[in-house]
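**Student:** One predicted model, sequence on top.
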There are 2 protein chains.
Amino acid sequence: MQVVPPKIAELVTALRRLPGVGPRSAQRLALALLAGQGELARQLAQALLQALEHVHLCQSCRMYTEDVLCRLCASTERDEGVVCVVETPADVIALENTASYRGIYFVLYGHLSPLDKIGPSDIGLDLFSRRLQEGRIREVILATNATVEGEATAHFIAHLCQQQAVPSTRIAHGVPMGGELEYLDGHTLIQAIQGRRAYD
Amino acid sequence: MQVVPPKIAELVTALRRLPGVGPRSAQRLALALLAGQGELARQLAQALLQALEHVHLCQSCRMYTEDVLCRLCASTERDEGVVCVVETPADVIALENTASYRGIYFVLYGHLSPLDKIGPSDIGLDLFSRRLQEGRIREVILATNATVEGEATAHFIAHLCQQQAVPSTRIAHGVPMGGELEYLDGHTLIQAIQGRRAYD
């Protein structure tokens, strides 16, 4: 007999759409959310609605922000002449966590994918072209993923940069730190050999 | 530099309160919820608010329901004379999934825990006592967890049943199906030996 009331079943369905949440964890999360007087559910619903209402994309780099410009674009400590193009906001967070990059970013929210009908304007490249035309960018770092789609997207953006005579660079591919050659795939090893640098 | 806007940070904080969600998965969930036009976030907020508004406890067994009585208590196919006492709604779901129990339930939402100031009325035992006094219960199955608190709670409820002359039984403890004796703890093995039954 179906023992879970429909509204809880709908909550489980909504939770299952999240990445990495299967049927059992969705049920556990739903029951945890409703436990007690539903305190967690209330807090989460509130946080979701607040985020939906206040968060939008930075007019300059498309990173999430609550203002017109994100903190990085609004900062006077960042080099506006260097723009690092990434696929997702998570990439920005990962790069910022290294605390070693001083330029700004541009977030695509995806990659070019003709089969899924995702073209240049769907990943903000119309805005990016306008930024290139303004002439304030000295270097574009192509930091899309090292996947087929990421490479294709990097290639396309490199072409845009070339048209505006802005130098573009691609992040290095090779052996990750701590990695052992024996366990790496051939593609990565080829990239590591081809991308070798003078030993200093 | 803090690159995540405050409202997203608050959403991450709310998600981190969920069981099994650490800092990295909370961030991944938050970004997944806001991806696209925030479709997932809207759906989840809606599902949470709907559940909070419509779901409450069954007046008879305290299981979640949207009506006065839950589906099991309202059903004419269940034996109202047999009541299985469990700690959580997840226990009811687990037992119902076996499709072998035909009685009804009583959900405690926890266990007795004097150190945490959780007494009998905090786990609905005042309501349970009234149900015992009504005289329609023929057997109480004590299915609280096999933990110290679960055992103490079972002991307390057994005493309540005794006062009303209602027979109570405790679920069997022993070797789980598929389990190997070599890897089981001593307590379980002792229970398995003590609880042995005539071989049929």
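**Tutor:** Sure thing, it's come through.
**Student:** and the gap between the residue nearest the centre of chain A and residue A:45?
**Tutor:** In chain A, the C-alpha nearest the mean C-alpha coordinate belongs to residue A:88, at 1.0 Å (CA atoms, centre = their mean). Counting by CB to CB, to the nearest Å, the gap from residue A:88 to residue A:45 is 25 Å. Just so you know, the C-beta spots here come from the backbone N, C-alpha and C atoms, and that holds for glycine as well.
**Student:** Same question for residue A:87.
**Tutor:** From residue A:87 to residue A:45 the distance is 29 Å (CB to CB).
**Student:** Those two: who's more crowded?
**Tutor:** Taking neighbours as other CB atoms under 10 Å in any protein chain shown, residue A:87 and residue A:45 compare with residue A:45 leading, 23 against 20.
**Student:** pretty sure that one contacts residue B:45?
**Tutor:** Yes. Shown here, residue A:45 and residue B:45 form a contact pair, counting by CB atoms under 8 Å, at 4.8 Å.
**Student:** anything in the lengthiest strand in chain A near chain B?
**Tutor:** Counting residues, the longest strand found in chain A (DSSP state E) is strand A:79-86. No. Contact of strand A:79-86 with chain B is not found when judged by CB under 8 Å from any CB of the partner chain; the minimum separation is 11.6 Å.
**Student:** helices or strands up against the following helix or strand past that strand?
**Tutor:** Next along the chain after strand A:79-86, taking DSSP states H and E as the criterion, comes helix A:89-97. Under the contact criterion of 3 or more CB pairs under 8 Å, 6 or more residues apart in numbering or on different chains; DSSP states H and E, helix A:89-97 touches strand A:79-86, strand A:103-107, helix B:23-34.
**Student:** which other residues reach the helix or strand bottoming out on mean pLDDT in chain A?
**Tutor:** Counting by mean pLDDT, DSSP states H and E, chain A has its least confident helix or strand at helix A:186-194, which shows a mean of 89. Applying CB atoms under 8 Å, 6 or more residues apart in numbering or on different chains, the external contacts of helix A:186-194 come out as A:173-175, A:181, A:184.
**Student:** Repeat that for stretch A:93-105.
**Tutor:** With contact meaning CB under 8 Å, 6+ apart, stretch A:93-105 is reached by A:60-61, A:63, A:72-73, A:77-86, A:92, A:139, A:141, A:143, B:1, B:3-4, B:27.
**Student:** make it 6 Å
**Tutor:** A:61, A:72-73, A:78-80, A:82-84, A:92, B:3 (CB atoms under 6 Å, 6 or more residues apart in numbering or on different chains).
**Student:** State the helix or strand in which residue A:53 lies.
**Tutor:** helix A:39-54.
**Student:** Mind listing residues that contact that helix?
**Tutor:** A:33-34, A:66, B:7-8, B:10-11, B:14, B:17, B:38, B:41, B:45, B:48-49, B:52.
**Student:** and the helix or strand just after that helix, does that touch chain B?
**Tutor:** Later in the chain than helix A:39-54, the nearest helix or strand by DSSP H and E is strand A:56-57. No. Counting by CB under 6 Å from any CB of the partner chain, chain B has no neighbours in strand A:56-57; the shortest distance is 9.4 Å.
**Student:** Sheet partners, orientation included, of strand A:56-57?
**Tutor:** Take DSSP bridges as the rule and strand A:56-57 pairs in its sheet with strand A:64-65 (antiparallel).
**Student:** For the strand it pairs with, give the mean pLDDT please.
**Tutor:** Across strand A:64-65, the average pLDDT comes to 96.
**Student:** Go through stretch A:168-179 and flag the buried ones.
**Tutor:** Buried residues in stretch A:168-179, defined by neighbour count with 16 or more other CB atoms under 10 Å in any protein chain shown: A:168, A:170, A:174.
**Student:** Can you add secondary structure and pLDDT and give those residues back as CSV?
**Tutor:** Shown next, in CSV, are the buried residues of stretch A:168-179 (DSSP: H, G, I helix; E, B strand; the rest coil; pLDDT from 0 to 100):
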residue, secondary structure, pLDDT
A:168, strand, 95
A:170, strand, 94
A:174, coil, 91
